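>>> how would this look folded up:
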Amino acid sequence: MIRIVQSKNKAKYSREMDQMHKLRASVFSDRLGWEVEVVDGWEIDAFDALDPLYLISLDALGQVRGTLRLLPTTGPNMLRDVFHCLLPDGLVIESSRIWESSRFSVDLAHPAERSANRLNRVTGELLAGIVEVGMMIGLTHVVSVYDARMARVLKHAGCPADLVGEPQRIGGVMTYAGLFSTDEDMLARIRAAAGLEGPVLESQIKELAFAA
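Model (predicted):
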C-alpha cells in the first residue's frame with residue numbers, strides 16, 4: 001500500500017516521515033556512499049522544504065519499506081539544479097504536466113516479497129504509485145535521474161524511458177535522465193511485472209492529498 005504524505009497531512013504521519021528519512025540515510029549515505037547530508041539520522045535536503053508529494057510504501061504492519069519524492073518541474077528540482085550536466089545545451093524540462101521523481105528508496109534489510117519474475121513488490125508498488133498519481137493529477141510524464149543499476153530494475157519492471165541527453169559518469173556510476181509516461185499502458189506493464197492486481201494508493205487519502 002502507498003500512503004501519500006505532504007504538508008497538509010505531514011504532522012499526522014510523523015512516524016512514517018521519521019522512518020522515511022532514516023531509510024533514505026541508510027540507502028544513500030550508508031549503502032550507496034553518496035555525499036548527502038544526514039542530520040540526526042535523517043537524510044534531508046533543500047528540496048524537502050518545497051512541499052513535495054511523498055509516496056511511502058507500507059507493509060502489513062504499517063512499517064515503511066520504500067519511498068520516493070515528487071516535485072513539479074515548474075519549480076526547483078534535482079535535474080535542473082543539481083544534475084543539469086545531463087541536459088543537452090539549451091534544453092529545459094519545465095511543464096505543469098511533468099513532475100520529477102527523486103530519492104527512490106527501498107529497504108533491503110527485510111525479506112522482499114517478489115513477483116513471478118522476481119521484481120521486488122515494494123519497487124513495483126512505488127512505480128505503479130507514480131503512474132497512478134500522475135493520471136490523477138493530469139501529468140503526461142515523470143522525469144527522473146537514476147543510475148545503471150536502477151536502469152536495469154526499470155527495464156525489468158516494464159518501465160521504459162525516453163532518455164534525455166547522453167548518460168554520463170557521475171560519482172563513479174553511469175547516470176541517466178529519463179522521461180516516463182504516466183498512462184494506462186505504462187501502468188498495465190508495471191502491474192503485470194509486479195504482480196499487482198489493482199490500485200496501490202491508499203484510497204481514503206486521495207481527496208486529502210489532491211484537494212485544491
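>>> can you tell me which residue is spatially central in this structure?
residue 68 (3.4 Å; Cα atoms, centre = their mean).
>>> and that one, what pLDDT?
What the model reports as pLDDT for residue 68 is 98.
>>> so which helix or strand of the protein has the lowest pLDDT on average?
Ranked by mean pLDDT, DSSP states H and E, the weakest helix or strand in the chain is helix 206-210, scoring a mean of 51.
>>> separation between the nearest residue to the residue nearest to the centre of the chain once chain neighbours are set aside and residue 88?
Excluding its sequence neighbours, the residue lying closest to residue 68 (Cβ to Cβ, 6 or more residues apart in numbering) is residue 104, at 4.5 Å. Heads up, the C-betas are built off the backbone N, CA and C, glycines and all. Distance from residue 104 to residue 88, counting by Cβ to Cβ, to the nearest Å: 24 Å.
>>> comparing these two, which residue is more hemmed in?
Neighbours per residue (other Cβ atoms under 10 Å) separate residue 104 from residue 88, with residue 104 holding more: 22 against 9.
>>> need the mean per-residue confidence for whichever strand or helix holds the more buried one.
Element membership for residue 104, per DSSP states H and E: strand 98-106. Per-residue pLDDT over strand 98-106 has a mean of 97.
>>> so for the next helix-or-strand element following that strand, what gets flagged as buried?
Following strand 98-106 in sequence order, the next helix or strand is helix 121-137 (DSSP H and E). By neighbour count with 16 or more other Cβ atoms under 10 Å, helix 121-137 contains the buried residues 121-134, 137.
>>> helix 121-137 versus strand 98-106: what angle between them?
160 degrees (axes from the mean of the first three to the mean of the last three Cα atoms, to 10 degrees).
>>> how far off centre is helix 121-137?
Here helix 121-137 is found 9 Å from its chain centre; the criterion is Cα atoms, centre = their mean, to the nearest Å.
>>> before we move on, what about stretch 19-36?
14 Å.
>>> and for stretch 63-83?
7 Å.
>>> same question for stretch 174-194.
12 Å.
>>> try stretch 190-209
The answer for stretch 190-209 is 14 Å, by Cα atoms, centre = their mean.
>>> alpha carbons only: can I get that stretch in CSV?
C-alpha atoms of stretch 190-209 as CSV (Å, rounded to 0.1, in the frame of the first residue of the first chain):
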residue,chain,number,x,y,z
ILE,A,190,4.2,-2.3,-14.2
ARG,A,191,1.3,-4.1,-12.7
ALA,A,192,2.0,-7.1,-14.8
ALA,A,193,5.7,-7.1,-13.9
ALA,A,194,5.0,-6.6,-10.2
GLY,A,195,2.0,-9.0,-9.9
LEU,A,196,-0.3,-6.2,-8.8
GLU,A,197,-4.0,-6.7,-9.3
GLY,A,198,-5.3,-3.2,-8.7
PRO,A,199,-4.5,0.3,-7.4
VAL,A,200,-1.8,0.7,-4.8
LEU,A,201,-2.7,4.1,-3.4
GLU,A,202,-4.4,4.3,0.0
SER,A,203,-7.9,5.1,-1.2
GLN,A,204,-9.1,7.1,1.8
ILE,A,205,-6.5,9.8,1.4
LYS,A,206,-7.0,10.6,-2.3
GLU,A,207,-9.2,13.6,-1.6
LEU,A,208,-6.9,14.9,1.1
ALA,A,209,-3.7,14.6,-1.0
